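[1] any chance you could fold what I've pasted below:
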Amino acid sequence: MEKQMLAIGKFKEGEDRLEKFMKFFQSDEGMDMRKSVAHVEKTIAGILPDKSGIMFKVHVHNEQGMKDLVSGRHPVMKPIYDEHLDHIKLYELTEVNIEN
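    Next up is the predicted model:
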């Protein structure tokens with residue numbers, strides 16, 4: 001079952017964290033990892049204004065895999081997580097009816 005989720009991550013202190021993180025996420029290895037948990041073509045990415053973090057709205061098809069990815073337990077993500085990320089929080093999204 002597909003589930004919409006929001007991942008908000010905060011980078012560790014240091015220079016070029018965003019650029020190095022995004023380079024990995026857009027690499028073949030990063031794309032394969034992302035495809036294993038979510039529909040990449042539906043992902044909407046955002047960057048915090050001060051470049052201290054990232055946000056991704058994702059359509060998840062492998063919830064446990066997504067939890068492993070954002071917690072740093074995913075074997076491909078672990079080295080990147082350990083080097084660049086302070087933490088990532090994951091939220092489930094539900095649509096709100098605004099017609100009433």
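
[2] would you map the strands across this structure?
    Here the chain has its strands, by DSSP state E, at 3-11, 44-47, 53-60, 85-92.

[3] comparing those, which comes out most buried?
    Comparing those by mean neighbour count (mean count of other Cβ atoms under 10 Å), strand 53-60 ranks first with a mean of 19. C-betas here are computed from N, CA, C, even on glycine.

[4] which residue ranges form the helices in the chain?
    17-25, 28-35, 63-71, 78-84 (DSSP state H).

[5] the shortest one: how far from the chain's middle?
    This points to helix 78-84. 13 Å (Cα atoms, centre = their mean, to the nearest Å).

[6] who are the packing partners of that helix?
    Counting contacts by 3 or more Cβ pairs under 8 Å, 6 or more residues apart in numbering; DSSP states H and E, helix 78-84 packs against helix 17-25.

[7] in terms of secondary structure, what does the helix it packs on contact?
    strand 3-11, helix 28-35, strand 53-60, helix 78-84.

[8] strands paired with the longest one, and their directions?
    Yep, that's strand 3-11 we're talking about. Looking at strand 3-11 with DSSP bridges, its partner strands are strand 53-60 (antiparallel), strand 85-92 (antiparallel).

[9] rebuild these as a markdown table, extending it with distance to residue 38 and mean pLDDT.
    Converted to a markdown table, the strands paired with strand 3-11 look like this (distance: least, Cβ to Cβ, whole Å; pLDDT from 0 to 100):
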| stretch | distance to residue 38 | mean pLDDT |
| --- | --- | --- |
| strand 53-60 | 4 | 97 |
| strand 85-92 | 11 | 96 |
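
[10] quick one: which of those strands is nearest residue 28?
    strand 53-60 (18.6 Å; Cβ to Cβ).

[11] export that closest one as PDB, just CAs?
    Provided in PDB are the C-alpha atoms of strand 53-60 (Å, rounded to 0.1, in the frame of the first residue of the first chain):
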ATOM      1  CA  GLY A  53      18.300  20.800   6.100                       C
ATOM      2  CA  ILE A  54      16.100  19.100   3.500                       C
ATOM      3  CA  MET A  55      12.500  18.100   3.100                       C
ATOM      4  CA  PHE A  56      11.100  15.400   0.900                       C
ATOM      5  CA  LYS A  57       7.400  14.500   0.300                       C
ATOM      6  CA  VAL A  58       7.500  10.900  -0.800                       C
ATOM      7  CA  HIS A  59       5.100   8.300  -1.900                       C
ATOM      8  CA  VAL A  60       6.300   5.300   0.100                       C
END
